[in-house]
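Participant: Whatever this is, show me its structure:
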Amino acid sequence: MQDEDVLFRSFKGIAFISIAPLIGLAASLWFTSDNTAYFVAHLGQIYFSIILFFLSGNIWSVRNIENSKYKKKLTLISFIPPCVAILGAFLSIYANPAWGMAFLLSAVYIARHLTLIKSMVAVFPNNFQDLINKISIILCICLMLILTYWINPYTYPLAIYN
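Facilitator: Numbering: from 1, shown residues only. Next comes the predicted model:
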């Protein structure tokens, strides 16, 4: 077995294991009672924010691996995920959770389409690029499920904020 295969398998395993709780939280919103779902939705946003902080740490550590042309750009990019998480938390606290979740969803979606990030991801082998795309799509779907819970017109969970 080649080292690249082992590295990719371990990276893939870590990526899927780290987003599995978010998938479970997003799916369980629709199978729990309304009182419990409220806390599960908040917990999903908190867990996603924790993922963003870990992502920031990973980007910060990758920038020091080698002296590449992306070192300054990676330094700047490493500050973006915690800022997004903190701003999403402020929007959830001071406006309502739907605004915070919509901001997080739009930030992840926009990050998928930035040319700077696409050019950095293009440096990785194809299997890593596919994994990054799959993970970001899964994260978008999870955030959409949580946002859909907040704006559900039948149960209207935002009524407690009025």
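
Participant: Check which residues of the helix ranked longest in the chain are buried.
Facilitator: Criterion DSSP state H: the longest helix present in the chain is helix 34-62. Along helix 34-62, these residues count as buried under the neighbour rule (16 or more other Cβ atoms under 10 Å): 37-38, 40-45, 47-49, 51-52, 55-56, 59, 62. For every residue, glycine as well, the C-beta is placed using N, CA and C.

Participant: From L147, how far off is I77?
Facilitator: Look at I77 and L147: by Cβ to Cβ, to the nearest Å, they are 25 Å apart.

Participant: Repeat that for T32.
Facilitator: In terms of Cβ to Cβ, T32 sits 17 Å off from L147.

Participant: Can you list the low-confidence ranges for this protein?
Facilitator: Of all residues in the chain, those with pLDDT under 70 make up the ranges 1-4, 66-68.

Participant: Recalculate using a threshold of 90.
Facilitator: Where the chain drops to pLDDT under 90, the residues are 1-11, 30, 34-35, 58-78, 108-109, 111-129, 132-133, 153-156, 158-162.

Participant: any idea where the helices of it begin and end?
Facilitator: Using DSSP H, helices in the chain cover 3-28, 34-62, 71-78, 80-94, 97-112, 115-121, 126-150.

Participant: Out of the ones you listed, which is closest to N162?
Facilitator: Among the helices of the chain, the nearest to N162 by Cβ to Cβ is helix 97-112 (12.2 Å).

Participant: buried residues in that closest one?
Facilitator: Buried residues in helix 97-112, counted by 16+ other Cβ under 10 Å: 97-105, 107-108, 111-112.

Participant: now for it, which elements pack on it?
Facilitator: For helix 97-112, the packing partners by 3 or more Cβ pairs under 8 Å, 6 or more residues apart in numbering; DSSP states H and E come out as helix 34-62, helix 80-94, helix 126-150.
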